[in-house]
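Chemist: Sharing a model that was predicted from the sequence below.
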Amino acid sequence: MQLGADHVRVRVPATSANLGPGFDALGLALARYDVLEVRALGNGDVVVDVEGEGAGEVPGDERHLVVRALRAALELVGAPQTGLHLTCTNAIPHGRGLGSSAAAVVAGIAAARALVADPAALDDAAVLQLATEFEGHPDNAAPAIYGGATIAWTSTVEGREGAHAVRLDVHPDIEATVLVPSTRLATSRARGVLPETVPHADAALNAGRAALLVDALTRSPQHLFEATEDRLHQEYRAGVMTASWELVRALRLDGLAATISGAGPTVLLLGRAQDREHADAVLRELLHGSDLWRAYRPGIDLEGVRSERVVGSTGLSASMR
Ligand SMILES: Nc1ncnc2c1ncn2[C@@H]1O[C@H](COP(=O)(O)OP(=O)(O)OP(=O)(O)O)[C@@H](O)[C@H]1O
Ligand SMILES: N[C@@H](CCO)C(=O)O
């Protein structure tokens, strides 16, 4: 397949995975975005300019995660590799449990989709499958692609092998607050401290809470507190994110639906708009005098990744999702 454009722009949301009991399955898209421009270059050069999160840290060559994902997507659809000039304006913090790596991978694949002559060859299902091959699990990639909340799973059923996701419409009263610490934690380290097996009673509790959480997210936000209980991963990880786990416990003691965001160490707080005042008062008290945390209330992203071809200096073609 040939390229159909030489300049595209992509916007991809931050995501919060797990949401408590939905380990490796549930995710939520947040309205905080990395924005990328990708230009195909006639020569084989790779130039990467980064502003914001990751500037001066991520590699500026073929090892850059967006470049790797983009190249994998071009290869998947049989499009030619090309030189690339990548301009990244990043607002998703790295290594904090807000899906920065999934966002980079999804953005790279979405850029490839917008660059190739037949974008339909990289439909959302193909983007999810390829992103999951990079990430190892689909729970951040799914909301980054579809927006809203998602349930993602990896099927082993014959003929349906691989990653799948369904999108949920989040109840409009639900708000997300993220408390982002200055410290980082690599997902690989947080996964390394998980046990091989868990007690049956804990697994049973999580199954019930995850099911309840689907209802709480979409229809009954009054159940968010109980629905975000988890016994499968957060406490096991407490030793590698002590301050985050302490904050989750303190917030929950005050009746707030706090969880570790993804593999941490960010803390996610879900709640109803009507409970915002109470949440803010608790946060003020708990975080008073601490310079460890930055708090945001980003809003829920409903669209997922967006890309568009850039034509001339200002004109844009139809956006491609
Ligand atoms: N926009 C980006 N551009 C290039 N590389 C990135 C980008 N975002 C993340 N990465 C790479 O991914 C690493 C972070 O991935 P990691 O999975 O540890 O954390 P996370 O994705 O932020 O958190 P989580 O998966 O728990 O939500 C960074 O250190 C960097 O190497
Ligand atoms: N479900 C994943 C999310 C981080 O990518 C975890 O908690 O390890």
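Modeler: Okay, I see it. Since the model is a prediction, treat every value here as computed from it, not as a measurement. Numbering: from 1, shown residues only. Ligands and ions are numbered 1, 2, ... in the order given.
Chemist: Let me see the contact set for residue 169.
Modeler: Going by CB atoms under 8 Å, 6 or more residues apart in numbering, residue 169 touches 148, 218. Heads up, the C-betas are built off the backbone N, CA and C, glycines and all.
Chemist: try residue 30
Modeler: 13-16, 98, 176, 178, 298-301.
Chemist: do that again at 7 Å, thanks
Modeler: Residue 30 makes contact with 13-16, 176, 178, 298, 300-301, according to CB atoms under 7 Å, 6 or more residues apart in numbering.
Chemist: Just the closest of those to residue 194, please.
Modeler: Among the contacts of residue 30, residue 16 lies closest to residue 194 (CB to CB), at 18.3 Å.
Chemist: and residue 210, how far is that from residue 170?
Modeler: Residue 210 sits 16 Å away from residue 170 when distances are taken as CB to CB, to the nearest Å.
Chemist: what does residue 9 give?
Modeler: According to CB to CB, residue 9 stands 26 Å off from residue 170.
Chemist: Neighbour count for those two, which is higher?
Modeler: Neighbour count, other CB atoms under 10 Å: between residue 9 and residue 170, residue 170 has more, with 21 against 18.
Chemist: just the strands in the stretch 201-321 of the chain please.
Modeler: Remark: strands assigned in the stretch 201-321 of the chain by DSSP state E, counting those that start in this stretch are 257-260, 267-272, 293-296, 306-311, 315-319.
Chemist: Residue 49 belongs to a helix, doesn't it?
Modeler: No - under DSSP: H, G, I helix; E, B strand; the rest coil, residue 49 sits outside any helix and is assigned strand.
Chemist: quick one: it and residue 87 touch, right?
Modeler: Yes - Residue 49 is within contact range of residue 87, at 4.8 Å (criterion: CB atoms under 7 Å).
Chemist: Looking at those two, which has the bigger crowd around it?
Modeler: Using other CB under 10 Å, the more surrounded residue of residue 49 and residue 87 is residue 87, with 15 against 12.
Chemist: Next to ligand 1 in this structure, residues from the protein, please.
Modeler: Proximity of the chain to ligand 1 (CB under 6 Å from any ligand atom) is limited to residues 17, 34, 54, 58, 64-66, 88, 90, 94-102, 104, 140, 186-187, 262-263.
Chemist: can you rerun that using 5 Å?
Modeler: Contacts of the chain with ligand 1, taken as CB under 5 Å from any ligand atom, map to 58, 65, 94-95, 97, 99-101, 104, 186-187, 262-263.
Chemist: So which of those residues sit within helices?
Modeler: Among the residues of the chain next to ligand 1, the members falling in helices (DSSP state H) are 65, 100-101, 104, 187.
Chemist: wait, which of the residues you listed is closest to residue 252?
Modeler: Nearest to residue 252 among these: residue 187, at 23.3 Å, using CB to CB.
Chemist: Tell me which residues touch the closest one, please.
Modeler: Taking CB under 7 Å, 6+ apart, one finds residue 263 in contact with residue 187.
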